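> Predicted model and sequence below, questions to follow.
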Amino acid sequence: MNSKSRVIVITGANKGLGFELAKRLLKNSSKSIIVMTSRNETLGKEAHAKLAEQFPASRESLHYHVLDVTKRETYGPFLDWIKEKFGKIDVLVNNAAICGVNELSPDYKVPHSDALKIIGTNFISTKEFTEYVLPSLASDGKIINISSTYGFDDKPIKALYKRFADPNFQSKEFEEIYNAYFETAKKQNFEEAGVPTSAYKISKALLSGWTYRLKDSLTGEQQAFSVCPGWCKTDMGSQNATLEAEEGTITTEYLINQPYKANKETNGKFFKDCKELEAF
Ligand code: NDP
């Protein structure tokens, strides 16, 4: 490994946008080490083999390791392997996520068990995994959280972003917000509680809010960003989406490549189409 190579870890890289991001980086970023991860080892290895075949020159730079962000027991073996092989992580792209079945249906109301799973994966576990690897993030490393503007214009979601931006916001409030939402999902009284019927919307707002707050605990030239990829043709986005999956990786690549000086003022912010959104 060239000592100047950046180590870029992508969660949920066996398909969809995670896979497309690995492909884009292999195409455009010859100096980087790309680490694809997935919760299903067989699917992950197949995806890795596919890209290795497509990019034969990537033999030294394309790697795979199993990682389920909801299974804490997979964190240790993953990080030990990273430390032994590369010593550090330069960029962590938290791409892995789930959404509700029939999420786009107008009658959708997330069942309690799904709310636990969706917020559990997209926010609670993603945060837990990130905090676990943070001590191994390079001093100029980046955390890029793949979020969404789905529900961005909904009143309760707008109110949440306002709350995250408040300088008096306390980190314990993240837990209060999702616990209150779990109670609402249990009672199914979304309207009365004034919250969306989609746990996915809440999970992504929490993720972007936490990313914004995360900048305060980063050191040196470390940075964190949220990205909305746009509505993309993947298993999650469906084939009705307006963008090809590969287009959904452009902003993430843009942020990976931005130098620290250019990004200093935008640390913690939310990006779409390579531009900062007015979220905070
Ligand atoms: P896909 O459903 O196609 O892929 C999601 C990936 O996440 C899969 O590899 C899946 O693995 C993985 N994953 C799910 N749970 C876990 C877990 N516990 N541990 C590790 N990996 C897991 O979705 P997309 O590619 O469309 O989505 C990628 C990201 O982009 C997500 O964060 C999504 O919320 C976001 N996004 C997508 C949009 C779109 O239009 N597609 C729009 C806005 C945001 P497995 O194959 O095993 O299920």
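Nice, I can see it.

> Please identify the residues of the stretch 1-150 of the chain in proximity to the ligand?
11-12, 14-18, 38-40, 43, 68-70, 95-98, 121, 146, 148 (Cβ under 6 Å from any ligand atom). C-betas here are computed from N, CA, C, even on glycine.

> Mind doing that once more with 5 Å?
12, 14-17, 39-40, 68-70, 95-97, 146, 148 (Cβ under 5 Å from any ligand atom).

> same question, the stretch 151-280 of the chain
Within the stretch 151-280 of the chain, the positions near the ligand by Cβ under 5 Å from any ligand atom are 231, 232, 234, 235, 236, 237.

> could you redo the last one with a cut-off of 6 Å?
So far as Cβ under 6 Å from any ligand atom goes, the stretch 151-280 of the chain lies against the ligand at 228, 229, 231, 232, 234, 235, 236, 237, 241.

> Count the neighbours of the nearest residue to residue 39 once chain neighbours are set aside for me.
Nearest residue to residue 39 in three dimensions, chain neighbours excluded: residue 68, at 3.7 Å (Cβ to Cβ, 6 or more residues apart in numbering). Neighbour count for residue 68, taken as other Cβ atoms under 10 Å: 21.

> again, but for the one 3 residues further on
When neighbours are defined as other Cβ under 10 Å, residue 71 has 12 of them.

> What's the separation between it and residue 143?
20 Å (Cβ to Cβ, to the nearest Å).

> same thing with residue 273?
From residue 273 to residue 143 the distance is 20 Å (Cβ to Cβ).

> So the two - more neighbours on which side?
residue 143 (24 against 13).

> Quick one: residues contacting that one.
91-92, 94, 130, 134, 137, 211, 214, 218, 222-225 (Cβ atoms under 8 Å, 6 or more residues apart in numbering).

> Sitting in strands, which of those residues do you find?
Among the contacts of residue 143, DSSP state E puts 91, 92, 94, 137, 223, 224, 225 in strands.

> between those, which is closest to residue 256?
residue 91 (5.4 Å; Cβ to Cβ).

> what does the lowest-mean-pLDDT helix or strand in the chain contact?
Least confident element among the helices and strands of the chain, by mean pLDDT, DSSP states H and E: helix 260-263 (a mean of 80). With contact meaning Cβ under 8 Å, 6+ apart, helix 260-263 is reached by 140, 221, 223, 225, 255.

> phi, psi of whichever residue of the chain sits closest to the ligand?
When distances are taken as Cβ to the nearest ligand atom, the chain reaches nearest to the ligand at residue 16, 2.2 Å away. Backbone torsions for residue 16, taken as degrees, to the nearest 10, come to phi 60, psi -140.

> Can you report how many residues lie near it?
Other residues close to residue 16 by other Cβ under 10 Å number 22.
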